[in-house]
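> Sequence and predicted structure below; questions after.
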Amino acid sequence: MTEKSYQKLDYPELAGQIKAWAQDLGFADARISKAALPPEAEAHLQAWLEEGCHGEMDYMERHGSLRVKPAELVPGTLSIISVRLPYWPAEAVASEEVLADGSLAYLSRYALGRDYHKVIRARLQKLADQIRHTVGDFGYRVFTDSAPVAEVALAAQSGQGWRGKHTLLLNRQQGSLYFLGELFTDLPLPADAAEEGHCGRCTRCIDVCPTQAITAPYKVDARRCISYLTIELKTAIPLEFRPLIGNRVYGCDDCQLTCPWNRFAVNTAEPDFAVRHGLDRVSLLELFGWSEAMFKEKLAGSPIYRIGYAKWLSNLAVGLGNAPYDPAIVAALALRADDENELVAEPARWALQQQRQRQVAG
């Protein structure tokens, strides 16, 4: 983007219109931030990277400080419009019920429907089109979890909420069960005020984490995080974490499920986020039996699709290793123990051993 002059515009009025248009498009809220984060943001990011907390997410290190310098990421950016869109599907079987049944597969509730990237991008594009219709051509870029953008920091700075101790954005009215998106723009819009944090002495998210990935308030070691281990990690889940994974085979919601602020969370009104293929309550064994063709057919358009079939089976094998003993599980794992892909075969052999030990123990 290149800097332009929009002297005739009433920016406070335009900012109000943008927020109203965003809500008309289904966003829960829209707030505005300046295109700069405080210096400590870069220091915190650098320290986190130096500790290796990003694991194998090389892109985090590759982009470095660009993540906390939005005006360098998109030159000419003056303001950032931050939006929220709830994703929790009302019809989904209660998470606690699924987590309590070791034979079922727990998939993070944000992934039960269609991929959110396209949904949010399309709505942000409509918002940009509405702005263009009003002000004429202007510079902008649309983002949602798709580039080196410090989404939570920008959203917090815009007054959308505050960064919780689990590092996710918390909002007093709606908790944390929503997606974030951003519209970078060269319009000099008035920035909204940030909000103070309201976590107080609460440590529920830290205490509940199955793998103790929240190593300190406001700090997550991705190498221990179940979401990282089941989604971002390209290899099999490390042995030390497998028993702790339980039946969580794609992502994890524990820190959000226990957060007191999520008693105010709202369900999504977006049809694309509705549960597909009964994924809110499905057995590990059923999913493990899917062929690659079934995986591609049923998960097309799902965020789960991008981890690939082999990683899918690898995660499920770990879940089956933690499941109650079942001869059918043993038989299914035995079929995969010599899979040509070691990403699948090794966890299957581990799980087979766990099942047999459970059988002997009675």
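Structure's in. What do you need?
> Now do the same contact list for the residue lying closest to A265 once chain neighbours are set aside.
Nearest non-adjacent residue to A265, counting by C-beta to C-beta, 6 or more residues apart in numbering: G175, 3.8 Å away. The way it works is simple: take the backbone N, C-alpha and C, and place the C-beta from them, glycine included. Residues touching G175, when contacts are defined by C-beta atoms under 8 Å, 6 or more residues apart in numbering, comprise 256, 259, 261-265.
> Just the buried ones from those?
The neighbour-count test (16 or more other C-beta atoms under 10 Å) applied to the contacts of G175 identifies 256, 259, 261-262, 265 as buried.
> now, which of the residues you listed sits nearest P324?
The closest of these to P324 turns out to be Q256 (C-beta to C-beta; 26.4 Å).
> Mind telling me what element the closest one is part of?
According to DSSP states H and E, Q256 maps onto helix 254-257.
> The next helix-or-strand element following that helix - contacts with which helices or strands?
On the C-terminal side of helix 254-257, the nearest following helix or strand under DSSP H and E is strand 282-283. The elements that strand 282-283 packs onto, with contact taken as 3 or more C-beta pairs under 8 Å, 6 or more residues apart in numbering; DSSP states H and E, are strand 104-107.
> Sheet partners, orientation included, of the strand it packs on?
The pairing partners recorded for strand 104-107 under DSSP bridges are strand 248-250 (parallel), strand 282-283 (antiparallel).
> Need the contact partners of it.
Residues from elsewhere that reach strand 104-107 (C-beta under 8 Å, 6+ apart): 95, 98-99, 246-252, 279-284, 287, 304, 316, 319.
> how about the helix or strand following that strand: buried residues?
Counting by DSSP H and E, the next helix or strand C-terminal to strand 104-107 is helix 116-135. For helix 116-135, burial by neighbour count (16+ other C-beta under 10 Å) applies to 116-117, 119-120, 123-124, 127-128, 130-131, 135.
> quick one, phi/psi of A193?
A193 adopts backbone torsions of phi -80, psi 140, taken as degrees, to the nearest 10.
> how far away is D58 from L299?
Here the criterion is C-beta to C-beta, to the nearest Å. By it, D58 lies 25 Å from L299.
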